[in-house]
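Participant: The following comprises the amino acid sequence and a computationally predicted model.
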Amino acid sequence: MGSDKALLPWPPASGRGQTFLSAAIAALSPFTDMVIVVAGENESQLAPVVYSNGAFLARNPTPELGQFSSLQCGLHEVLNRGRDAAMVTLVDRPPVAAGTIQKISAAFESALATNKWAVVPEYQGTHGHPIVIGREMIEAFLKASATANAREIEHQHQKQIEYISVDDPFIAMNVDTPQDYEKLSSVVIS
């Protein structure tokens with residue numbers, strides 16, 4: 001992208017003063033008791049946004065190991081703070097609708113009764129975020145090698161995952177290029 005995706009304005013060209021990061025914190029906060037943001041070398045740039053939006057910051061000591069190491073860092077922080085479940089999302093996507101978060105949260109509560117470890121939303125057959133994971137899935141991610149990736153671990157435990165269909169294209173939308181970000185300008189934002 002050429003700049004930190006977490007700090008891209010959201011919605012694009014809105015003038016609202018939000019970023020992907022602040023919008024994600026705002027979207028998740030009503031449904032969780034805390035939001036933990038994992039930072040790497042960009043810690044000093046993200047900290048003001050994290051703290052001004054009421055979230056917590058965890059520093060990945062080895063960001064050069066990639067995204068999975070940040071996930072593991074965040075999940076360690078979840079456990080260290082006495083929690084046994086987490087809602088996980090990425091910063092390179094627009095925040096999903098409140099109704100989507102409600103739906104996956106309710107599905108997770110139901111899934112626990114059937115010994116499922118996680119709930120993953122899908123839009124038109126494509127899996128996305130945020131995912132909700134319980135203690136078993138957290139442990140599976142933490143026991144994996146730092147060189148693994150989340151998709152790999154998810155596939156190893158597919159029988160323990162509940163996939164639910166949602167009507168929210170943002171769950172599957174990644175923003176990896178300036179062109180991806182520009183396309184978001186044409187999306188109607190409710």
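Facilitator: Yep, it's here.
Participant: where in the chain is pLDDT low?
Facilitator: 1-2, 13-16, 185, 187-190 (pLDDT under 70).
Participant: now the helices for it?
Facilitator: Secondary structure of the chain by DSSP state H: the helices cover 20-28, 43-52, 67-80, 98-112, 135-143, 150-156, 178-184.
Participant: Determine which of the ones you listed approaches Ile164 most closely.
Facilitator: helix 98-112 (4.8 Å; Cβ to Cβ). (Each C-beta comes from the backbone N, C-alpha and C, glycine too.)
Participant: Switch the helices of the chain over to TSV; also include distance to Lys5 and mean neighbour count.
Facilitator: Listed next are the helices of the chain as TSV, based on distance: least, Cβ to Cβ, whole Å; neighbours: other Cβ atoms under 10 Å:
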stretch	distance to Lys5	mean neighbour count
helix 20-28	6	21
helix 43-52	11	14
helix 67-80	12	19
helix 98-112	20	17
helix 135-143	22	17
helix 150-156	18	14
helix 178-184	8	14
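Participant: mind putting these in TSV, distance to His129 included?
Facilitator: Output for those, formatted as TSV (distance: least, Cβ to Cβ, whole Å):
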stretch	distance to His129
helix 20-28	10
helix 43-52	18
helix 67-80	11
helix 98-112	10
helix 135-143	14
helix 150-156	10
helix 178-184	15
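Participant: how about those helices, which one is nearest Asp92?
Facilitator: That would be helix 20-28 among the helices of the chain, by Cβ to Cβ, at 7.4 Å.
Participant: Against which helices or strands is that closest one packed?
Facilitator: On a contact count with 3 or more Cβ pairs under 8 Å, 6 or more residues apart in numbering; DSSP states H and E, helix 20-28 meets helix 43-52, helix 98-112.
Participant: re earlier: among the helices of the chain, which comes closest to Phe170?
Facilitator: Going by Cβ to Cβ, the one of the helices of the chain nearest Phe170 is helix 98-112, 7.7 Å.
Participant: Ok, which of the helices of the chain comes nearest Pro9?
Facilitator: Here helix 20-28 is closest among those (Cβ to Cβ), at 8.3 Å.
Participant: got a list of contacts for the closest one?
Facilitator: The contact list for helix 20-28, computed with Cβ atoms under 8 Å, 6 or more residues apart in numbering, reads 5-8, 10, 18, 35, 37, 46, 49-50, 52-55, 87, 89, 91-96, 98, 101, 130, 175.
Participant: With Val166 as the reference, name the closest of the helices of the chain.
Facilitator: Nearest of the helices of the chain (Cβ to Cβ): helix 98-112, 5.0 Å.
Participant: for the closest one, packing partners?
Facilitator: By 3+ Cβ pairs under 8 Å, 6+ apart, helix 98-112 packs against helix 20-28, strand 85-88, strand 118-123, strand 131-134, strand 161-165.
Participant: can you do 6 Å?
Facilitator: strand 118-123 (3 or more Cβ pairs under 6 Å, 6 or more residues apart in numbering; DSSP states H and E).
Participant: you'd agree Tyr163 is up against Glu122?
Facilitator: Yes - using Cβ atoms under 6 Å, Tyr163 is in contact with Glu122, at 5.4 Å.
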